[in-house]
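>>> Kindly return the folded structure for what I paste below:
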Amino acid sequence: MKQQESSCCPIVIESQFGVKMEYIIISDLKVFGKSKGETLTKKELLQDGINIDVLISAGHLEVKSTTTKPASEGVIK
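This is a model prediction of the structure:
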């Protein structure tokens, strides 16, 4: 997985290897009707043009990366 630095925080670039970006709400701010401790996907946040970096730097979201296996992994040929 590649990582780039921005002015406020690291940006993780999604790769072809099944990295799905998720974010945990860590403040009392409700986002898309979800509360503290619940998770949102990058897709959910970007669909309405939400600036993820601003929410992270303001202390509302925290990055949670989960890795999924490619469909071909574990298949015996």
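
>>> now the strands: where do they sit in the chain?
Assigned by DSSP state E, the strands in the chain fall at 3-5, 10-12, 19-25, 39-41, 61-67.

>>> Beta-bridge partners for residue 61, please?
Legend: beta-bridge partners of residue 61 under DSSP bridges are residue 25.

>>> on that earlier part again, lowest-confidence stretch among the strands of the chain?
When the strands of the chain are compared by mean pLDDT, strand 3-5 comes last with a mean of 43.

>>> in stretch 43-59, what counts as buried?
45, 50, 52, 55-56 (16 or more other Cβ atoms under 10 Å). C-beta here means a position set from N, CA and C on the backbone, and glycine is covered the same way.

>>> Mind picking the lowest-pLDDT entry from these?
Lowest pLDDT within those is found at residue 50 (85).

>>> Just give me the neighbour total for the closest residue to that residue other than its chain neighbours.
By the measure of Cβ to Cβ, 6 or more residues apart in numbering, the closest residue to residue 50 outside its immediate chain neighbours is residue 31, 7.7 Å from it. By the criterion of other Cβ atoms under 10 Å, residue 31 has 18 neighbours.

>>> Was I right to think residue 41 contacts residue 21?
Yes. Between residue 41 and residue 21 there is a contact under Cβ atoms under 8 Å: 6.9 Å.

>>> Residue 25 is in contact with residue 37, isn't it?
Yes. Between residue 25 and residue 37 there is a contact at 6.6 Å, judged by Cβ under 8 Å.

>>> Those two - which one has more neighbours?
Neighbour comparison, residue 25 and residue 37: the larger count goes to residue 25, with 20 against 8 (by other Cβ under 10 Å).

>>> Quick one: residues contacting that one.
31, 34-40, 60-61 (Cβ atoms under 8 Å, 6 or more residues apart in numbering).

>>> likewise residue 26?
Taking Cβ under 8 Å, 6+ apart as the definition, contacts of residue 26 comprise 36, 59-62.

>>> who wins for most neighbours among those?
residue 61 (24 neighbours).

>>> from memory it sits against residue 24, does it?
Yes. Between residue 61 and residue 24 there is a contact under Cβ under 8 Å: 6.8 Å.
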